[in-house]
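**Q** need a 3D model of the sequence below.
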Amino acid sequence: MKHVYYLCMLPLVAASCSHKAATTDTQAPAIEVAQAVTDSVTLYKTYPGYLTSNRAIKVVARVNGQLLSKDFDAGQYVEKGKVLFRIEDNTYRDRYNQAKASLATAQSTYEYNKKHYEAIKKAFAGDAVSQMDLIQAESDFRQSEANVTSARAALSTATTNLGYCVVTAPISGHIDSSPFSAGAYIGGEGSPVEMATIYEDDVMTANFYIEDQQYIDLVQGGQTERDDLKAITLSFSEVLPHTYTADLSYMAPSIDRNTGTMKLQAKLKNPYGELKDGMYCSISLPTGVDPKAILVKDASIGTDQLGKYLYVVNDSDKIVYTHIKVGELANDSMRIVTEGLTPDARYVTKALMKVRSGMKVDPIVTK
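**A** Prediction:
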C-alpha cells in the first residue's frame, strides 16, 4: 500500500509544477520598448547671453522752462518725429523775435552801406571825394556785411533753441517711462537733461562669449564662415509664443586675455515685439558633427542619485538598470547618449514606474 501511495502522488506533483510554470509565463507584462537609433547629428554647445536693441537713443531736453505736456505712454511704440514733450517757449520765442528783428536791421544797414560805398567809389574816381571818404565807406560796408552774418547766426541759434522747446522722437521704437511729468521745471540749457530712452528694437542683437578653445574648434571644423553659423537657435527662461533664430554678425578680432573668451554677436528680427533690451537668453552654437551618435527618446531617460539611467531589455527579455551619460537634445525629442549604451540596445519607453531591474517582460517594439 505504501508503494501505491507514492505512485499516486507523482502525477500530482508533476501537474503542480506544470501549473506553476504556466503561471510564471503569463506574469511577464507587455512593455513598450524602442531600439536606440544611430544617426549623424550636429553637435551644439549652449552659451548664456543677453539681448540689446539695434539702437537705444536717449531723448534729452536742451532748454530751460516748465514742462507743459508729456505726449506719450510709457512702453508705447513711437514713430520718428512724434512730439514727446512740450516745454514753455516764452523766453526763447522772445529771443527768436529779437534775433529776427536784428537781422532785418542789419540787412537794411547793409543795403544802405553797399549803395553808399558804390556811390563813393564813383565819386572818388571823379575826384569828388577824398580817399579817406572812400576808406570809411568801404569800412562801413564791410562792417554791415559782418553784422548780417552775425545776425543770421544769432537767428539760427534762436530758431534752434525755440525748436528745442518741442521735443520729438529722433527714431522709431519703444519708449520707456520718464521721470518728469507736466509742471516740472526742466533745466537743460546748461547741460542736456535726459527725459526718456527710445529702443529701436525691430532688430535685436544677441551678445555672448565663447572660450578660446571653442574658437579653435570652429576654425578647425571650418565653421567660421558666416553661412555655417546662420539660424542659430535662441531660447529663453520661459517659452515664448514664437521661436527665434539669429545670424552671426560679429566675431571679436581678439581673445580677452583676462577671461580667455571671445565676444560674438548675432542679429535677429523682432517682428512681434516680444524681445526686450536686456533680456537673458541661451544661444546654441554648432560645434561639430557626430556621424554615429546614439539617440534615445528623451522622455525614456530617468534620473536618480547616480545620474541618468535607462531600463534596457537584454536578449533574455529581462530589465537591466543601465547608468548612462547623455549629451544634448537632438531633433526636439531625442537625446544623445555618450556613454553606457550600445547602438543596438532596446530600452523601455513607457511604464517606467512599473518595471524593475531583473524583471522579465514581453517587449513590444515601437518606433
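**Q** give me the buried positions along the host helix or strand of Asp94.
**A** Element membership of Asp94 [criterion: DSSP states H and E] is helix 90-125. Buried residues in helix 90-125, counted by 16 or more other Cβ atoms under 10 Å: 92, 95-96, 99, 102-103, 106, 109-110, 113, 116-117, 120, 124. In this view, the C-beta of every residue, glycine as well, is placed from N, C-alpha and C.
**Q** lowest pLDDT pick from those residues?
**A** When the buried residues of helix 90-125 are sorted by pLDDT, the bottom entry is Phe124 at 89.
**Q** gap between it and Glu118?
**A** From Phe124 across to Glu118, the span is 11 Å (Cβ to Cβ, to the nearest Å).
**Q** if we can go back for a sec, can you add distance to Tyr250 and give the buried residues of helix 90-125 back as JSON lines?
**A** Shown next, in JSON lines, are the buried residues of helix 90-125 (distance: Cβ to Cβ, whole Å):
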{"residue": "Tyr92", "distance to Tyr250": "43"}
{"residue": "Arg95", "distance to Tyr250": "46"}
{"residue": "Tyr96", "distance to Tyr250": "46"}
{"residue": "Ala99", "distance to Tyr250": "47"}
{"residue": "Ser102", "distance to Tyr250": "52"}
{"residue": "Leu103", "distance to Tyr250": "50"}
{"residue": "Ala106", "distance to Tyr250": "53"}
{"residue": "Thr109", "distance to Tyr250": "58"}
{"residue": "Tyr110", "distance to Tyr250": "55"}
{"residue": "Asn113", "distance to Tyr250": "60"}
{"residue": "His116", "distance to Tyr250": "65"}
{"residue": "Tyr117", "distance to Tyr250": "62"}
{"residue": "Ile120", "distance to Tyr250": "68"}
{"residue": "Phe124", "distance to Tyr250": "70"}
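**Q** so which of these comes closest to Pro48?
**A** Of all these, Tyr92 has the smallest distance to Pro48: 49.3 Å, by Cβ to Cβ.
**Q** tell me which residues touch the closest one, please.
**A** Shown in contact with Tyr92 (Cβ atoms under 8 Å, 6 or more residues apart in numbering): Val63, Gly65, Ala158, Asn161, Leu162, Tyr164, Cys165.
**Q** mind redoing it with 6 Å?
**A** Asn161, Leu162, Cys165 (Cβ atoms under 6 Å, 6 or more residues apart in numbering).
**Q** give me the phi and psi for the residue nearest to the spatial centre of the chain.
**A** Closest residue to the average C-alpha location of the chain: Leu51 at 3.0 Å, with Cα atoms, centre = their mean. The phi/psi pair for Leu51 (degrees, to the nearest 10) reads phi -100, psi 140.
**Q** give the buried residues for stretch 247-258.
**A** For stretch 247-258, by 16+ other Cβ under 10 Å, it's Asp247, Leu248.
**Q** can you give me the helices in the stretch 51-200 of the chain?
**A** For the stretch 51-200 of the chain, the helices defined by DSSP state H, counting those that start in this stretch cover 90-125, 131-164.
**Q** distance to Ala184 added to these, as TSV?
**A** Listed next are the helices of the stretch 51-200 of the chain as TSV, based on distance: least, Cβ to Cβ, whole Å:
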stretch	distance to Ala184
helix 90-125	17
helix 131-164	16
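**Q** Met251: which of those is closest?
**A** helix 131-164 (41.2 Å).
**Q** may I see the buried residues of the closest one?
**A** 134, 137, 140-141, 144, 147-148, 151, 154-155, 158, 161-162, 164.
**Q** now do the strands in the stretch 201-350 of the chain.
**A** Using DSSP state E, counting those that start in this stretch, the strands of the stretch 201-350 of the chain run over 232-235, 244-251, 261-269, 280-297, 302-304, 307-313, 319-330, 334-339, 346-348.
**Q** for the ones you listed, which one sits closest to Gly81?
**A** strand 261-269 (23.6 Å).
**Q** buried set for the closest one?
**A** Within strand 261-269, the residues that count as buried by 16+ other Cβ under 10 Å are Thr261, Met262, Lys263, Leu264, Gln265, Ala266, Leu268.
**Q** gap between that strand and the chain center?
**A** Taking Cα atoms, centre = their mean, to the nearest Å, the mean C-alpha location of strand 261-269 is offset from the chain mean by 9 Å.
**Q** other SSEs contacting that strand?
**A** When contacts are defined as 3 or more Cβ pairs under 6 Å, 6 or more residues apart in numbering; DSSP states H and E, strand 261-269 sits against strand 193-211, strand 244-251.
**Q** run through who's touching that strand.
**A** Outside strand 261-269, the residues that reach it (Cβ under 6 Å, 6+ apart) are 203-211, 215, 232, 244, 246-252, 255.
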